[in-house]
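K.L.:
Just a sequence and a predicted model for now, questions to come.
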Amino acid sequence: MKKRLFDLVLAIPALVFLAPVTVVLILLLRISVGKEVFFYQNRPGLHGKPFRICKFRSMTDERGKAVNYGLGAGEWAECKFSLQFRL
């Protein structure tokens, strides 16, 4: 019972504070990217059961440029980048 009360006391003010921040973030992403704001992905869950996760879309279509920037050109750099950041 104490844990539930503690969770509610922290969660409700956090929701009140973060809801406007989330709306502003959605508007900024929509303006800057010009696409859908959310990215949906299926991932394996408990006992391999898939579930759908919803995330803010933050990566641009120009991610290929980031692979070659500072890492050097070539397949090795692209492979290393994709393994590290899971494109």
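P.N.:
Noted; the coordinates are in hand. Numbering: from 1, shown residues only.
K.L.:
Using PDB, write out every CA atom in stretch 35-46.
P.N.:
C-alpha atoms of stretch 35-46 as PDB (Å, rounded to 0.1, in the frame of the first residue of the first chain):
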ATOM      1  CA  LYS A  35       7.000  13.000 -41.300                       C
ATOM      2  CA  GLU A  36       5.200  10.900 -38.700                       C
ATOM      3  CA  VAL A  37       6.500  11.700 -35.200                       C
ATOM      4  CA  PHE A  38       6.300   8.200 -33.900                       C
ATOM      5  CA  PHE A  39       8.100   5.100 -35.000                       C
ATOM      6  CA  TYR A  40       6.600   1.700 -34.200                       C
ATOM      7  CA  GLN A  41       8.800  -1.500 -34.000                       C
ATOM      8  CA  ASN A  42       8.100  -5.100 -33.100                       C
ATOM      9  CA  ARG A  43      10.500  -6.500 -30.500                       C
ATOM     10  CA  PRO A  44      10.800  -9.800 -28.800                       C
ATOM     11  CA  GLY A  45       9.400  -9.800 -25.200                       C
ATOM     12  CA  LEU A  46       9.100 -12.200 -22.400                       C
END
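K.L.:
Past the longest helix seen in the chain, which element shows up next along the chain?
P.N.:
Longest helix in the chain, counting residues (DSSP state H): helix 2-33. Going down the chain from helix 2-33, the next helix or strand is strand 38-44, by DSSP states H and E.
K.L.:
Spell out which strands sit alongside that following strand in the sheet and which way each one runs.
P.N.:
strand 50-56 (antiparallel) (DSSP bridges).
K.L.:
buried residues in the partner strand?
P.N.:
Within strand 50-56, no residue is scored as buried using 16 or more other Cβ atoms under 10 Å. Yep, even glycine has a C-beta here, placed from its N, CA and C like the rest.
K.L.:
ok, residues contacting that strand?
P.N.:
Residues from elsewhere that reach strand 50-56, judged by Cβ atoms under 8 Å, 6 or more residues apart in numbering: Leu25, Ile26, Leu29, Val37, Phe38, Phe39, Tyr40, Gln41, Asn42, Arg43, Pro44, Gly45.
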